[in-house]
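> Just to be clear, the model below is a prediction. Sequence and coordinates:
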Amino acid sequence: MNTVYIGLGANLNAPEAQLRNAMDALSASSSFTLASVSSFYASKPMGPQDQPDYVNAVAKLMTDLPAIEVLDLLQQIELQHGRVRKAERWGPRTLDLDILLYNDEQIDTQRLIVPHYGLCEREFVVFPLLEIAPELTLPNGLLLADIATSLPRNGLTAIAQYRMTKSIA
Ligand code: ROI
C-alpha cells in the first residue's frame, strides 16, 4: 500500500463545490482509500492577481496504484469536472489536482515530478498539509513544521470542512 498526498485547488465555477465534488469522486473510487482531508482554505492567487481567490485543500490517500496511474486518475477527475487546459500559464482553473508526495519517493520523469516543485513555497499547500500531517518529514529530510515557521500565511484562512463518509478506522 502506498501513501499519496494530493493538493486540490480551484478558483472558478463555485470553487468550494468543485473541491467537494473532487473529494466525492476520490472517495467513490475503488482505487483509493481516503485517509484524511484538511480544512478547505481560501487563498490569494499566486501568479497573476487579476483572478479570483482560490479554495485549496490537501488530502491523504492510500492506494495500490503506481504514481503514474494515480496521475492518470487525477487527470480523469479534472476533466470530468470541466477542467480546460488553458494556454495561459498560472491562469484561473476550475479544478487542479496535484500529486504532492508519493511515499518517500523522488520521481523525475517527463510527466511527473514528485515532490511537487512548488510544495515548500506555497502557503496554500504547506499549511493544509501541516494540518493533517504535523510530523511529516519531506524526502529531502526537511521537517514540514520547520518550513511552515518561515512561510507567511498570506491571508490563508480555513473556510469549510469536508466530511468523510467512509473511514479506514
Ligand atoms: N494560487 C493559489 N492560491 N492556489 C492555487 O491552487 C493556485 N494554483 C495555481 C496558480 C495559478 C500557480 N496559483 C494558485 O496553479
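Noted; the coordinates are in hand. Residues are numbered from 1 along each chain as shown.
> Disregarding flanking residues, what is the spatial nearest neighbour of the residue in the chain that the ligand sits nearest to?
In the chain, no residue comes nearer to the ligand than G9, which is 2.5 Å away by C-beta to the nearest ligand atom. (C-beta placed from N, C-alpha, C; glycine too.) Take G9 and drop its neighbours on the chain: the residue closest to it by C-beta to C-beta, 6 or more residues apart in numbering is D96, 4.4 Å away.
> Tell me the confidence at that neighbour?
The score at D96 is 93. That number is its pLDDT.
> That one against N11, yeah?
No. Look at D96 against N11 with C-beta atoms under 8 Å: they stay out of range, at 9.0 Å.
> Between the two, tell me which one has more neighbours.
Comparing D96 with N11 by other C-beta atoms under 10 Å, the one with more neighbours is N11, at 21 against 18.
> surely that one meets D50?
No. With contact defined as C-beta under 8 Å, N11 does not reach D50; the gap is 11.6 Å.
> re earlier: for the residue of the chain closest to the ligand, grab the count of nearby residues.
Neighbours around G9, by other C-beta under 10 Å: 26.
> So which bits of the chain are right by the ligand?
Neighbours of the ligand within the chain, by C-beta under 6 Å from any ligand atom: G9, S43, K44, P45, M46, G47, Y54, N56, W90, D96, F124.
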